[in-house]
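**Student:** Kindly return the folded structure for what I paste below:
(one chain, ligands or ions: 3)
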Amino acid sequence: MSYKDKIDLTRLPRHIAVIMDGNGRWAKARGKNRIFGHTNGVRAVRETAEACAELGVEYLTVYAFSTENWSRPEREVNALMSLLVKTIDKEIDTLLKNDIRLGMIGDMSALPKSVADKLRHAIETTAHCKRMQLTLALSYSGKAELERAIKLIAKDVLNGSLIPEDITQELIEQYLYTYGMPDPELLIRTSGEQRLSNFLLWQMAYAEFYFTDVMWPDFDREELYKAVYDFQHRERRFGKTSEQLAVS
Ligand code: IPE
Ligand code: IPE
Ligand code: MG
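**Tutor:** Ligands and ions are numbered 1, 2, ... in the order given. A predicted model of the protein is given here:
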């Protein structure tokens, strides 16, 4: 029996975030170079996106390239950037077919022009799609996102459109890349590593963390269903007691 049949479709997370990790180790274990692992990770993204959309998840955000990843060897960075260009081109039809809208969070200006142009085009082409939003985190880091937000808020205070008392949690959220999206309720990280690596620091305040030893290129629908099933067996107390939850 598939975990899919055990999932309660009325209690799905609205937003799932994924740290797609382990491509390099997956390739190394097969005697190949790291780039072979990245290439093989694309199928896992497609399967995860399709599975989430079919279940009824509204937002899927995948960590594809962190600000810190710029310090990898130039050859790997270049290969990742050209893989992005190729993949975005190839997958636009799949996105349209599945009614999935593409989004991006991160520093678009740091990306090579070829990547930024493809991304903008894919985002525009799929903007009308309604079933799910697939957001790529690219040249993204949580601390950089907060730094950017704080700078923008400071500018608005200086130019008089805000006063310090206006700065609430809701206002801060308006200055984040994720404005308009619900916070992720479930974070999945593959490859056995158990850390956030600077992903969605603010937004993850109350996410449930799910870690699996599966390497990203081996992640598939069933692994996604398993993670959602696991999520549905967590008690999300938000500071309250179990007894309080039982009566509400
Ligand atoms: C994740 O896999 C993909 C990116 C960070 C781009 P890694 O490349 O981090 O693979 P490992 O962790 O070295 O195995
Ligand atoms: C996090 O993975 C970033 C992405 C998945 C894009 P890394 O492999 O870069 O993270 P660390 O270095 O293990 O923390
Ligand atoms: Mg890694």
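**Student:** Extract the C-alpha trace of whichever strand or helix holds residue 76 and format it as CSV.
**Tutor:** Following DSSP states H and E, the helix or strand that holds residue 76 is helix 74-97. Only the C-alpha atoms of helix 74-97 are listed here, as CSV (Å, rounded to 0.1, in the frame of the first residue of the first chain):
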residue,chain,number,x,y,z
GLU,A,74,33.7,27.6,-10.6
ARG,A,75,33.2,24.6,-12.8
GLU,A,76,30.4,23.3,-10.6
VAL,A,77,28.8,26.7,-10.3
ASN,A,78,28.8,27.1,-14.1
ALA,A,79,27.4,23.6,-14.6
LEU,A,80,24.6,24.3,-12.2
MET,A,81,23.8,27.6,-14.0
SER,A,82,23.6,26.0,-17.4
LEU,A,83,21.6,23.1,-16.0
LEU,A,84,19.1,25.7,-14.7
VAL,A,85,18.8,27.3,-18.1
LYS,A,86,18.3,24.0,-19.8
THR,A,87,15.9,22.7,-17.2
ILE,A,88,13.7,25.8,-17.2
ASP,A,89,13.4,25.7,-21.0
LYS,A,90,12.6,22.0,-21.0
GLU,A,91,10.1,22.0,-18.1
ILE,A,92,7.9,25.0,-19.1
ASP,A,93,5.5,22.7,-20.9
THR,A,94,5.3,20.3,-17.9
LEU,A,95,4.5,23.3,-15.7
LEU,A,96,1.8,24.6,-18.0
LYS,A,97,0.3,21.0,-18.4
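**Student:** switch to numbering from 783
**Tutor:** New numbering, starting at 783: the last item is helix 856-879.
**Student:** Could you point out the helix or strand that follows it?
**Tutor:** strand 882-887.
**Student:** so, in contact with ligand 2 or not, that following strand?
**Tutor:** No: judged by CB under 6 Å from any ligand atom, strand 882-887 and ligand 2 are separated, with a smallest distance of 12.1 Å. Quick note: C-beta positions are derived from backbone N, CA and C, even for glycine.
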